[in-house]
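**Student:** 3D model of this:
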Amino acid sequence: MNTTTNLQRRKLLKYAALGIAGAVTYPSWAQTGGFVSVNRPSDGFSADVEIELTMNTAEIAILTGQKTRVWKVTGKVNKGSPGVLDNNEGTYLAPTLRLKKGQKVRLILNNNLPAQSILHWHGMHVPSNMDGNPMYALDQGETYIYEFEILNRAGTYWYHAHTHSVTARQVYSGLAGLFIVSDDQEQALNLPEGDYDVPLVIQDRSFDSQNQLVYSAHMMQRMQGFLGEQIMVNGRPDKVLPVATRAYRFRLLNGSNSRIYKLAWNDGTPITVIGVDGGLLGSPEQHQYVMLSPGERLELWMDFSERTLGTELTLRSLQFDAASHRGGMGMMGGRGGMMGGGMMGGMMSVSALPSGSDYPVLKIRVDRKEENKHSLPKSLTPITALQIKNAANATQPKTIALSMQHMSALLNGRSYKMNDIQPDEIIPVNSLQLIEFDNGFGDGMHGMMNMPHPMHMHGEQFQIIKREVNSRSSDSYATVSSGFIQSGWKDTVLVMPGEKVTVLKPFNDFKGLFMYHCHNLEHEDMGMMRDFLVK
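**Tutor:** Residues are numbered from 1 along each chain as shown. Predicted coordinates for the structure are as follows:
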């Protein structure tokens, strides 16, 4: 694979000001013409599927009345079945890609935007220079060619912009889509498919009186993370999903910038979980509610065969408390804290739909009778549990302290810098690593504020080993703890205030830089992001 000319970070912020100002307010025009190639196809790579993706400005009818200016990815299939790509026309969502394990794929990315941008394949196990590190950001008119084999097991993955300091604005403007992988094991289970395999991308957005996206970047929103005032499902507000009297597979993605959801059926029906970030679980699990933080995915089984026609069911986000308690006072949360709409230090929550409050996400209506051809399998796919004894650092976990202080979001006291690898960030290739995310678990709370942090690591999936919470945070933690899925393969894990989460992560096959960061996108843009160097 040829190395891109972007390896040296040229023109890093050339378009930063334009990107910041224009991510939501750019004019509704799209450049035409050719692209200047900064990467060429490899002579030795024979693609089974070739897809061309182009990032453009566009206008989409989202609300009644005036169209909304967005940034839209559109795609075309140059090689392979047309069914591998759905452009999600009429929405701001990027195309849904459906590929199979073992396929070799070439993705040609054209940047037609008035700003730098690059796409990251979230959850995918790919070479470092195919991962979408911000150092590879494209200028307007440039092209990047990704080439890799699908090594992941079947699962619901996704992709999104990963541009230095403006990821939040660019994802908010529309640069995100689903990347769904299938394999033989999954297909042998005879799970619901086609129209009964339903992706549900959950996001929040705010609009002005002219139906244009509103994105606030003042410090309060940066510190807590942007919270929109309207819940969107698959790019639409007030989503109503018609279903038949049969079983469905729902693939949920939290594509919001910072909003955390506590999801439950309004009638008390248990939520049946069959998959998480990295694919199907070993066996189904039932929970009264499930937590879903930015970047995480869940796959749910829901059977409507016993429901009468006309039945309506609502998926809600329930109240929860994300407070960190120091001196008896919560810095944020659903009950009197900063994110719950209360006052803290003279600052008010700036969202009309506070995090941690109770609100509807999706309405489902049973509108037709059909024969149910599917039953829930008792077992799904085999998962081998990773063992601490096999970790290269089994007796010395790699601790990553999460902190918000001095208007900065930090990892081990460090902010993001390119080419700033520290000794504790160097990892041997083909090793298993024991890693602890510490969000104020120990004494001192690691700074003046503690917030929930959905921590994402690029590259291979990991497994959660244990969760620990300190006594200061136990009351608020009890409002969310039953909704965590501990099993299966993950790439993003929510770490609550006062909590330490220990994981085992393989770093196999590929050398190079692989990022780890908070997937609260405002925190990421504030610097809560670093690189591991695998060598």
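**Student:** quick one: the strands in the stretch 51-200 of the chain?
**Tutor:** Remark: strands assigned in the stretch 51-200 of the chain by DSSP state E, counting those that start in this stretch are 68-79, 85-86, 96-100, 104-111, 119-122, 142-149, 155-161, 176-182, 197-205.
**Student:** tell me which of those strands is the most buried.
**Tutor:** Of the strands of the stretch 51-200 of the chain, the one with the most neighbours on average (mean count of other C-beta atoms under 10 Å) is strand 155-161, at a mean of 26. Quick note: C-beta positions are derived from backbone N, CA and C, even for glycine.
**Student:** quickly run through the sheet partners of that one, with directions.
**Tutor:** strand 119-122 (antiparallel), strand 176-182 (antiparallel) (DSSP bridges).
**Student:** make JSON lines from the ones you listed and add distance to residue 61 and mean pLDDT to it.
**Tutor:** As requested, the strands paired with strand 155-161 are exported to JSON lines (distance: least, C-beta to C-beta, whole Å; pLDDT from 0 to 100):
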{"stretch": "strand 119-122", "distance to residue 61": "25", "mean pLDDT": "98"}
{"stretch": "strand 176-182", "distance to residue 61": "19", "mean pLDDT": "98"}
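**Student:** quick one: low-confidence parts of the chain?
**Tutor:** 1-38, 217, 323-350, 443-449 (pLDDT under 70).
**Student:** quick one, what contacts the residue nearest the centre of it?
**Tutor:** Centroid-nearest residue in the chain, with C-alpha atoms, centre = their mean: residue 295, separated by 1.8 Å. Contacts for residue 295 (C-beta atoms under 8 Å, 6 or more residues apart in numbering) come out as 122, 254, 454, 456, 491, 492, 519.
**Student:** swap in residue 507?
**Tutor:** Neighbouring residues of residue 507 by C-beta under 8 Å, 6+ apart: 427, 428, 429, 430, 431, 432, 433, 459, 460, 514, 532, 534.
**Student:** okay, now the third one: neighbour count?
**Tutor:** Right, the one you point to is residue 429. Residues within reach of residue 429, counting by other C-beta atoms under 10 Å, total 12.
**Student:** so it sits right up against residue 514, yeah?
**Tutor:** No - distance between residue 429 and residue 514: 10.6 Å, which falls outside the contact criterion (C-beta atoms under 8 Å).
**Student:** what do these two both touch?
**Tutor:** 507, 534.
**Student:** neighbours around the closest residue to residue 535 other than its chain neighbours, how many?
**Tutor:** Nearest non-adjacent residue to residue 535, counting by C-beta to C-beta, 6 or more residues apart in numbering: residue 511, 5.4 Å away. Per other C-beta under 10 Å, the neighbour tally for residue 511 reads 15.
**Student:** so what touches the particular helix or strand that has residue 402 in it?
**Tutor:** Taking DSSP states H and E as the criterion, the element that holds residue 402 is strand 398-405. Strand 398-405 has contacts (C-beta under 8 Å, 6+ apart) with 223, 409-413, 424, 433-440, 446-451, 453, 455, 495, 516, 518, 523, 528.
**Student:** now do the end-to-end distance for stretch 249-266.
**Tutor:** Stretch 249-266 has its terminal residues 19 Å apart, counting by C-alpha to C-alpha, to the nearest Å.
**Student:** what residues sit buried inside that stretch?
**Tutor:** Neighbour counts over stretch 249-266 (16 or more other C-beta atoms under 10 Å) mark 249-265 as buried.
**Student:** give me the subset of these lying in strands.
**Tutor:** 249, 250, 251, 252, 253, 254, 261, 262, 263, 264, 265 (DSSP state E).
**Student:** of these, which pair is most distant in space?
**Tutor:** By the measure C-beta to C-beta, 249 and 262 form the most distant pair in those, at 21.6 Å.
**Student:** looking at the strands of the stretch 51-200 of the chain, which is nearest to residue 500?
**Tutor:** Among the strands of the stretch 51-200 of the chain, strand 119-122 sits nearest to residue 500 (C-beta to C-beta), with 24.1 Å.
**Student:** which residues touch the closest one?
**Tutor:** Strand 119-122 is contacted from outside by 53, 73, 109, 130-133, 146, 157-162, 175, 179, 295, 456, 458, 491, using C-beta under 8 Å, 6+ apart.
**Student:** ok, now which ones touch residue 462?
**Tutor:** 435, 489, 490, 491, 493, 503, 504, 505, 506.
**Student:** now it: how far from residue 54?
**Tutor:** Using C-beta to C-beta, to the nearest Å, residue 462 is found at 33 Å from residue 54.
**Student:** if we can go back for a sec, now the strands paired with strand 155-161 in CSV, with distance to residue 278?
**Tutor:** Listed next are the strands paired with strand 155-161 as CSV, based on distance: least, C-beta to C-beta, whole Å:
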stretch, distance to residue 278
strand 119-122, 11
strand 176-182, 10
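**Student:** out of those strands, nearest to residue 483?
**Tutor:** The minimum distance between residue 483 and the strands paired with strand 155-161 falls on strand 119-122, with 21.5 Å, by C-beta to C-beta.
**Student:** centre of the chain to the closest one, how far?
**Tutor:** Distance of strand 119-122 from the chain centroid (C-alpha atoms, centre = their mean, to the nearest Å) equals 10 Å.
**Student:** for stretch 498-509, same thing?
**Tutor:** Centroid displacement of stretch 498-509 relative to its chain, using C-alpha atoms, centre = their mean, is 17 Å.
**Student:** what's the answer for stretch 192-212, then?
**Tutor:** The answer for stretch 192-212 is 14 Å, by C-alpha atoms, centre = their mean.
**Student:** need the CA coordinates for that stretch. CSV is fine.
**Tutor:** Presented in CSV, the C-alpha positions along stretch 192-212 are these (Å, rounded to 0.1, in the frame of the first residue of the first chain):
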residue,chain,number,x,y,z
PRO,A,192,-34.7,-11.7,11.3
GLU,A,193,-33.3,-10.2,8.1
GLY,A,194,-34.3,-7.8,5.4
ASP,A,195,-37.1,-5.4,6.4
TYR,A,196,-37.1,-7.1,9.9
ASP,A,197,-33.4,-6.2,10.5
VAL,A,198,-33.8,-2.5,11.4
PRO,A,199,-31.0,-0.1,12.0
LEU,A,200,-31.9,2.7,14.4
VAL,A,201,-29.4,5.6,14.6
ILE,A,202,-30.3,7.7,17.6
GLN,A,203,-29.0,11.3,17.7
ASP,A,204,-30.0,14.7,19.1
ARG,A,205,-30.2,17.9,17.1
SER,A,206,-31.3,21.6,17.5
PHE,A,207,-32.8,23.7,14.8
ASP,A,208,-33.4,27.5,14.4
SER,A,209,-36.6,29.1,13.1
GLN,A,210,-35.4,28.6,9.5
ASN,A,211,-34.9,24.8,10.1
GLN,A,212,-31.1,25.2,10.1
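**Student:** residues touching residue 311, list them.
**Tutor:** So residue 311 contacts 304, 365, 366 (C-beta under 8 Å, 6+ apart).
**Student:** one more: residue 370?
**Tutor:** By C-beta under 8 Å, 6+ apart, the neighbours of residue 370 are 244, 245, 246.
**Student:** between the residues you listed, which sits nearest residue 394?
**Tutor:** residue 246 (47.4 Å).
**Student:** now the residue nearest to the centre of the chain: phi and psi?
**Tutor:** Main-chain torsions, residue 295, degrees, to the nearest 10: phi 90, psi -20.
**Student:** count the neighbours of the closest residue to residue 470 other than its chain neighbours for me.
**Tutor:** In space, and not counting its chain neighbours, residue 470 is closest to residue 498: 4.5 Å by C-beta to C-beta, 6+ apart. Residues near residue 498, counting by other C-beta under 10 Å, number 25.
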